[in-house]
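Trainee: need coordinates for the following:
(chains A and B)
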Amino acid sequence: MYKILVKQQLAPSVQLFEVEAPLIAKKAQPGQFIILRIDEEGERIPLTIADFNRETGTITLIFQEVGASTVELGRLHEGDCILDLVGPLGKATHIQKFGTVVCVGGGIGIAPVYPIARGMKEAGNEVISIIGARSKDILIYEKEMAAVSDELIITTDDGSKGLKALVTQPLKELLDSDKTISLVVAIGPVIMMKFVAETTRPYGVPTVVSLNPIMVDGTGMCGGCRVSVGNENKFACVDGPEFDGHKVDFNVLMSRQRMYKPHEKQHSEHLAGKQEGGCKCHSH
Amino acid sequence: MSLSLNKNPMPEQDPKVRAKNFAEVTLGYTAELAQAEAERCLQCKAAPCRKGCPVQIDIPGFIKHVKAGEMDASIAKIKEANGLPAVCGRVCPQEEQCEKHCVLAKKGEAVAIGRLERYVADMARNKGESVDTLAYADDAQKVAIVGSGPSGLSAAGDLAKMGYKVTMFEALHLPGGVLMYGIPEFRLPKDEVVQAEINNLRKLGVDIVVNAVIGSTFTVDELLEEEGFDAVFIGTGAGLPYFMDVPGENLNGVYSANEFLTRCNLMKAYRFPQSATPIHVGKRVAVVGGGNVAMDGARTALRLGAEQVSIVYRRSEKELPARLEEVHHAKEEGIHFQLLTAPTAVLGNEDGWVTGLQCIRMELGEADASGRRRPVEVPGSEFVLDVDTVIIAIGQGPNPLVQSTTKGLETNKKGNINADAETGATSKVGVFAGGDIVTGAATVILAMGAGKKAAVAIDQYLKEKKSK
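Mentor: The predicted model follows:
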């Protein structure tokens, strides 16, 4: 059992959990993920590790309540326990001194970009971060990102904060400027990562993306998370989750993400029924 | 008294009924049937059946006790050699092992050793078997078992009985390995049989740590150098699914058998939405492959509501690697066999979903290295199977995680760990390995046999280590 020590709402439907998981905290590196299961009936949910603290033995998870299971996860309180938590999984981000690194985070993807930006900064890179969200209400980790970046650029779709633009616009401006960009790291919705990769491709700037496809075990056993990278199938759980953005087949990935949409609705309705039926197992 | 040439049949659920539920297909012997079957055993002194058993159960011994109605003595006799009899009685290929050597098999059918083993184990469990917790010496040496599948379970049980403190590490949230994620509920009930037998190990004092990925949470080197283990046994199995490498394999509706079965067995997707893990099964399903895993996938798809399920296999029926019993059960349930057929592409629609499986007909040519006749394509014989789900069950390889993170652990070209066939000793001192991670995908009982042999070798290694 893994205890939730801190719960914080970062934005509407975006939650932060600090969870007691000393073995994972001891080993976690930027770029890695965990898989959790809420209870006996729960599915295995992969979440990127947003932060870790080796001293306190805790890891930070940030998630958006998008599907039935994440909504259920969001109903847990401080002091509640998560039944299963396994990790760290996947390969760590390759961090070294590259020169100037642009870290792009979109929506909930800003959370996993944060430890990477921090790592890049600590490794002596100039870090320029671009973070974007639909509007300012759901923009997370602004302060944290500012603290580890030499320059922070904010974009919102509605212009409520920073530039009224998509993250690719300031990225293109940076690529067009005199600056030599050594590396771009982008984490966010698949469509955003696809367009970031398309933006950097003509410039030949190496672009790393972190993929979060549907998976079950997270250890290379099911193959559900297979993605086509350079026309070769890779398992995101063990070969990734980070890949060369210029080689990823984003279209197939987006299609695969939609596989269980009909089930999602059915599961939500089932859980809604359970809530109304007076199952109070998650409230205290 | 003249003995029947045939085995006493085991009661089963009606095929039409069972094809729609996940309850166990076979129901087990009644006391009368078990008695009658036990009577068939000739109690041969030479006991050729034992030679066919990878863990060398005293088969005539336990059957003699069944005949005499001494059920406690019978289970004790089995457990001298096998800690998972309810599992083995169900999933061992007895026809190729113990029963193959039975004297009765020369003229008729062998004694139904597997059915009797299962009967004895089920009786003991239902009665509420008592397992004595072992007392450990304060200075008992510690052994880590990596992976909680058949080889690990058998090594753990034997080492615990030898007085070692055993900790078993499992990456998933429940122990059992392939017994939990791979073999379906209708062949091997999970809570009732698998977890019950694993609980007996816990009672022996084996500590089971789930959610621990060795190679990540701990490395093997850390287990030895920092966590205080004196030896490590690696039994991580064959968990990496192979794909066909044909176009369209990433379409929605294409599963590896591993994923399809894991969703259903481990994650209980057959109870969705009560259980949160979804599974997709279309109306028409093709399962590619001819082994036990393919049969399991096909029969699972049928139970999940598919209207037609076909096994697509490139050789003929004679070469099907699955157990005869599994093929027989699959046919009874209405699984269609599309033999001498090889897929060449998965076809899909604009939305990215499977619409068909393009195949080519095959014919058998000369025998290949495995002794089976090699299938060759019949030119111009392409056709399309009308399916909306494809399950790929063409085999599994070794997961590289442990090998790639352990210093000095040698592997072969395929990525399997090089280990001595008799002792499980690897290239790394204090590290032993056995089961599918060494041999490639095989059977539950062969893996258990490897775990047993390794336990003996680990015992010897630790005694020598202590005396130094």
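
Trainee: give me the nearest residue to the residue of the stretch 351-468 of chain B found nearest chain A, chain neighbours excluded.
Mentor: Closest contact between the stretch 351-468 of chain B and chain A, by C-beta to the nearest C-beta, is at B:Gly352 (3.3 Å). Where you see a C-beta, it was placed from the backbone N, CA and C, and this is true even at glycine. Excluding the flanking residues, the one nearest B:Gly352 by C-beta to C-beta, 6 or more residues apart in numbering or on different chains is A:Ser255, at 3.3 Å.

Trainee: the one you found should be in a helix, yeah?
Mentor: Yes - the assignment for A:Ser255 is a helix, going by DSSP: H, G, I helix; E, B strand; the rest coil.

Trainee: burial of it, as a residue count?
Mentor: Counted with other C-beta atoms under 10 Å in any protein chain shown, the neighbours of A:Ser255 add up to 18.

Trainee: cool, the one 3 residues further on as well?
Mentor: The local packing of A:Arg258 (other C-beta under 10 Å) involves 14 other residues.

Trainee: for it, what are its contacts?
Mentor: B:Asn252, B:Gly352 (C-beta atoms under 8 Å, 6 or more residues apart in numbering or on different chains).

Trainee: chain A contacts on the stretch 151-300 of chain B?
Mentor: Within the stretch 151-300 of chain B, the positions near chain A by C-beta under 8 Å from any C-beta of the partner chain are B:171-173, B:181, B:210-213, B:216-218, B:239-241, B:243, B:245, B:249-252, B:255-256, B:258-259, B:262-263, B:267-268, B:272-278, B:280.

Trainee: the residues you listed in strands, which ones?
Mentor: If you go by DSSP state E, these have B:Leu240, B:Pro241, B:Tyr255, B:Ser256 in strands.

Trainee: got phi/psi on the nearest residue to the third one once chain neighbours are set aside?
Mentor: Distance criterion C-beta to C-beta, 6+ apart; nearest residue to B:Tyr255, sequence neighbours excluded, is B:Ile391 at 5.0 Å. The phi and psi values for B:Ile391, taken as degrees, to the nearest 10, are phi -120, psi 120.

Trainee: spit out the contact partners of B:Ile391.
Mentor: For B:Ile391, the contacting residues are B:254-257, B:260, B:285-288, B:294, B:297-298, B:301, by C-beta under 8 Å, 6+ apart.

Trainee: A:Ile49 too?
Mentor: Taking C-beta under 8 Å, 6+ apart as the criterion, A:Ile49 is in contact with A:24, A:28, A:30, A:32-34, A:59-61, A:87-88, A:112, A:115.

Trainee: hmm, try it at 6 Å
Mentor: Shown in contact with A:Ile49 (C-beta atoms under 6 Å, 6 or more residues apart in numbering or on different chains): A:Ala28, A:Gln32, A:Ile34, A:Ile59.

Trainee: could you do A:Ile82 as well?
Mentor: By C-beta under 6 Å, 6+ apart, the contact set of A:Ile82 is A:Tyr2, A:Leu36.

Trainee: correct me, but B:Gly430 touches B:Ile234?
Mentor: No - B:Gly430 is beyond contact range of B:Ile234, at 11.3 Å (criterion: C-beta atoms under 6 Å).

Trainee: more neighbours: the two, which one.
Mentor: B:Ile234 (31 against 18).
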